[in-house]
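[1] quick one: sequence and predicted model below, then my questions.
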Amino acid sequence: MTPTRTLLLSTAVALTACGEAPPEADDAPGGAGPSYGYGYGDSDEDSDAATSTARADGLRQAGATGRLPEAVSGPAGGACHEQEPSKETPCADCGVGPASFADFQPASVVVGQPDALHGDAFGLQYVFRFPGSVLAHDGRLLVADGAASGVYVFDTVPSVQGALPDDVIGRDGLRGGTLPVGADALGTFVYGLSTDGERFAVADRGNARVLLYDEVPDGRVAASVVLGQDDFTSRAMGRSRSRVSGDLRGVHLAGDRLVVADFGNHRVLVWNTVPTESATLPDLVLGQADFDGGERNRGGAVGPDTLSGPTGVWTDGTRLAIADADNHRVLLWDQFPTEPGQPADRVVGQPDGTSSAPAVGATHLHAPYDVLFDGARLYVSDQFNHRVVSYDGWPAQDGPAATGVLGQSDLLHGAPDDADQDGVADAQPSAHTLNLPGMLTLDTGHL
């Protein structure tokens, strides 16, 4: 998921530039295609040298002839949505102007698979199996591999299919194994990555903690602060002010605040000042009445002050958005909350704050996973509708209608990998389609 569209697919990362059409394919879908031997397994001795190149570290990647799919039926790339000048204050933490995308726009680059037509999950020859989170920053791309420990670092945003990472954070090198729990280690299924331009935060789900670094790393370095644990070698899980569940999801740094989605405890934790010392306690909890609560929807009915499986979080230090996945909605606060369990000002994906039915359509969501705002549009990865939807501006009322969509040709379709838009999943993915999109990132007009 990099030129304008860094979208996490179920087993790959797709990148799309505004208005770009995919390059012509060098063979038809289902043809020989590029070599598969570009990951961490043994290389295929019969691989075509024209489509696979060896690196000094022994890995292989698709070469310049690695193909993108031919055009699929249905709306293609083409002109981007016209964007009116924003009346909103641009987001404080991204430093980019508003981006625009055509509905059903194809990705320009896929990372983690040899091309956009593949989606294998467990082949060891592939770089990614269930990518957890993605972050574009300062011309680099960071991707967490869910099924393996660590966060892969690309020194430049990939521009060719099947590009391999240059380094890895939290593991003993690209070909190395998992590290013992410590300041330089990361567990599996890292779902949250964030930077405010200087500091870097990781929701280290497998070790039930949040790690803070003084800057965005380019390889194996030690974190400077650990939260949710007393020290870097502990990994206790819990439900309190000092402990988190073993299922952290999104994390966001902005406006000197740190926001973390504690999915397993159905709450979001807030530090009003980014901690500089380990084991600093959070200042605020949302979704629960206090830090000791942890039941889904506070053990009762859904409301504007409850959460059920929060995943993605976004803030600019003033406004706040939370993807409340299991309630099939996104909650918005116009001013940053100051009271424990403070109710949201409005809801996206439902008609009001007490509804939670999943559906497909312009005003509905089904297990939204992440949310971000670029100053002009609100983007939501609508996971079980296999799409990313966008809304004009910061919504001013409950249940706003989406105005743009990626992964589907319109706002009425919701099947995975449905390139021909017949409502049934195809046998293979394509550059136009999505399958369980997850975390989003936006950087210099690239999503």
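    Thanks, I have the structure now.
[2] from now on I want contacts and neighbour counts done on CA atoms only, so please keep to that.
    Noted.
[3] what about the stretch 151-300 of the chain, any weak spots by pLDDT?
    Within the stretch 151-300 of the chain, not a single segment meets pLDDT under 70.
[4] surely Thr260 and Val251 touch.
    Heads up, residue 260 is Val, not Thr. Yes: applying C-alpha atoms under 8 Å, one finds Val260 in contact with Val251, separated by 4.4 Å.
[5] next, give phi and psi for Asn207.
    Here is the backbone geometry of Asn207 (degrees, to the nearest 10): phi -110, psi 10.
[6] quick revisit: common neighbours of Val260 and Val251, please.
    Contact with both Val260 and Val251 is made by residues 203, 313, according to C-alpha atoms under 8 Å, 6 or more residues apart in numbering.
[7] now do the strands in the stretch 51-200 of the chain.
    Along the stretch 51-200 of the chain, counting by DSSP state E, counting those that start in this stretch, strands occupy 52-54, 60-62, 109-111, 131-137, 140-145, 151-154, 167-169, 192-195, 200-204.
[8] going along the chain, name the strands of the stretch 301-447 of the chain.
    For the stretch 301-447 of the chain, the strands defined by DSSP E, counting those that start in this stretch cover 310-315, 320-324, 329-333, 346-348, 368-373, 377-382, 387-392, 404-406, 440-441.
[9] format these as a markdown table; extra columns: mean pLDDT.
    Converted to a markdown table, these look like this (pLDDT from 0 to 100):
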| stretch | mean pLDDT |
| --- | --- |
| strand 310-315 | 97 |
| strand 320-324 | 98 |
| strand 329-333 | 98 |
| strand 346-348 | 98 |
| strand 368-373 | 96 |
| strand 377-382 | 97 |
| strand 387-392 | 96 |
| strand 404-406 | 95 |
| strand 440-441 | 88 |
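[10] want to try JSON lines for the ones you listed, with mean neighbour count and distance to Glu277 as columns?
    Output for the strands of the stretch 301-447 of the chain, formatted as JSON lines (neighbours: other C-alpha atoms under 10 Å; distance: least, C-alpha to C-alpha, whole Å):
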{"stretch": "strand 310-315", "mean neighbour count": "29", "distance to Glu277": "22"}
{"stretch": "strand 320-324", "mean neighbour count": "28", "distance to Glu277": "25"}
{"stretch": "strand 329-333", "mean neighbour count": "26", "distance to Glu277": "28"}
{"stretch": "strand 346-348", "mean neighbour count": "25", "distance to Glu277": "35"}
{"stretch": "strand 368-373", "mean neighbour count": "29", "distance to Glu277": "28"}
{"stretch": "strand 377-382", "mean neighbour count": "26", "distance to Glu277": "33"}
{"stretch": "strand 387-392", "mean neighbour count": "25", "distance to Glu277": "37"}
{"stretch": "strand 404-406", "mean neighbour count": "24", "distance to Glu277": "41"}
{"stretch": "strand 440-441", "mean neighbour count": "25", "distance to Glu277": "27"}
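[11] need those in CSV with distance to Gly264, can you?
    Below are the strands of the stretch 301-447 of the chain laid out as CSV (distance: least, C-alpha to C-alpha, whole Å):
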stretch, distance to Gly264
strand 310-315, 8
strand 320-324, 12
strand 329-333, 17
strand 346-348, 22
strand 368-373, 14
strand 377-382, 20
strand 387-392, 24
strand 404-406, 29
strand 440-441, 21
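[12] show me where pLDDT drops low in the stretch 301-447 of the chain?
    Applying pLDDT under 70 to the stretch 301-447 of the chain flags the ranges 444-445.
[13] go again using 50 as the cut-off
    Within the stretch 301-447 of the chain, no range satisfies pLDDT under 50.
[14] mind checking the SS state of Arg298?
    Secondary structure, DSSP: H, G, I helix; E, B strand; the rest coil: Arg298 is helix.
[15] contact partners for it?
    Arg298 sits next to 287-289, 306-307 when contact means C-alpha under 8 Å, 6+ apart.
[16] quick check: the gap between it and Pro351.
    From Arg298 across to Pro351, the span is 21 Å (C-alpha to C-alpha, to the nearest Å).
[17] pretty sure Pro358 sits against Pro351.
    No: applying C-alpha under 8 Å, one finds Pro358 not in contact with Pro351, separated by 11.5 Å.
[18] need the residues touching each of these two.
    In contact with both Pro358 and Pro351: no residue, using C-alpha under 8 Å, 6+ apart.
[19] just the strands of the stretch 51-200 of the chain: most buried one?
    Among these, strand 109-111 has the highest mean neighbour count (mean count of other C-alpha atoms under 10 Å), at a mean of 30.
[20] name the helices or strands packed onto it?
    For strand 109-111, the elements it packs on are strand 13-15, judged by 3 or more C-alpha pairs under 8 Å, 6 or more residues apart in numbering; DSSP states H and E.
[21] wait, isn't Pro400 in contact with Asp352?
    No: applying C-alpha under 8 Å as the test, Pro400 and Asp352 come out as separate, 10.5 Å apart.
[22] of those two, which one has the most company?
    Pro400 (20 against 16; other C-alpha atoms under 10 Å).
[23] nearest spatial neighbour of that one, skipping sequence neighbours?
    In space, Pro400 comes closest to Thr363 once its chain neighbours are excluded; the distance is 5.8 Å by C-alpha to C-alpha, 6 or more residues apart in numbering.
[24] report the contact partners of the one you found.
    Applying C-alpha under 8 Å, 6+ apart to Thr363 gives the contacts 348-351, 399-402.
[25] on that earlier part again, nearest to Pro131, of the strands of the stretch 301-447 of the chain?
    Closest to Pro131 of the strands of the stretch 301-447 of the chain is strand 440-441 (C-alpha to C-alpha; 11.5 Å).
[26] in its sheet, what does that closest one sit against?
    Strand 440-441 pairs in its sheet with strand 6-8 (antiparallel), by DSSP bridges.
[27] report the rounded mean pLDDT for the partner strand.
    Strand 6-8 shows a mean pLDDT of 34.
[28] bridged to Ala203, which residues?
    Beta-bridge partners, per DSSP bridges, of Ala203: Gly192, Val210.
[29] distance of it from Thr354?
    Distance from Ala203 to Thr354, by C-alpha to C-alpha: 29 Å.
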